[in-house]
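# fold the stuff below for me.
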Amino acid sequence: KDSHSSFWTVYKKIAKEKDQDFLEQHTSDMDIVLSGLFSTISTSFIVAMEPNLSPDPNNTMHALLLSLTGI
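I've put the predicted structure just below:
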């Protein structure tokens with residue numbers, strides 16, 4: 001083998017090890033970031049929809065009538 005080929009063989013081995021370490025370290029960080037992003041988006045949808053949320057008057061009336069009649 002020539003020295004050029006040996007260099008790239010060693011380089012590939014070291015780069016693969018470093019890349020693997022980098023991925024292992026940052027994968028868990030990315031999970032935390034994505035969880036936070038999901039939570040933020042979910043919360044914004046809930047806050048935007050909150051004014052539209054109200055109890056169904058028919059269900060309330062039904063519950064009141066049931067409690068009055070004792071059934």
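
# C-alpha only now, for contacts and for neighbours.
OK.

# name the helix or strand for residue 63, please.
If you go by DSSP states H and E, residue 63 is part of helix 57-69.

# now that helix - C-alpha only, PDB.
What follows is helix 57-69 as a C-alpha-only set of coordinates in PDB (Å, rounded to 0.1, in the frame of the first residue of the first chain):
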ATOM      1  CA  PRO A  57     -75.900  23.400  27.000                       C
ATOM      2  CA  ASN A  58     -77.900  20.200  26.200                       C
ATOM      3  CA  ASN A  59     -75.500  18.100  28.400                       C
ATOM      4  CA  THR A  60     -75.800  20.600  31.200                       C
ATOM      5  CA  MET A  61     -79.600  20.700  31.000                       C
ATOM      6  CA  HIS A  62     -79.700  16.900  30.900                       C
ATOM      7  CA  ALA A  63     -77.500  16.600  34.000                       C
ATOM      8  CA  LEU A  64     -79.700  19.200  35.900                       C
ATOM      9  CA  LEU A  65     -82.900  17.300  35.000                       C
ATOM     10  CA  LEU A  66     -81.400  14.000  36.100                       C
ATOM     11  CA  SER A  67     -80.400  15.500  39.500                       C
ATOM     12  CA  LEU A  68     -83.800  17.100  40.000                       C
ATOM     13  CA  THR A  69     -85.700  13.900  39.200                       C
END
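
# so for that helix, mean pLDDT?
Taken as a whole, helix 57-69 has a mean pLDDT of 82.

# distance check, residue 32 against residue 43.
According to CA to CA, to the nearest Å, residue 32 and residue 43 sit 16 Å apart.

# residue 59 too?
Residue 59 is 27 Å from residue 43, by CA to CA.

# and for residue 23, the neighbour number?
Residue 23 has 13 neighbours, counted by other CA atoms under 10 Å.

# my error: substitute residue 37 in the last question.
Neighbour tally, residue 37, other CA under 10 Å: 12.

# so in the protein, which helix runs the longest?
helix 3-49 (DSSP state H).
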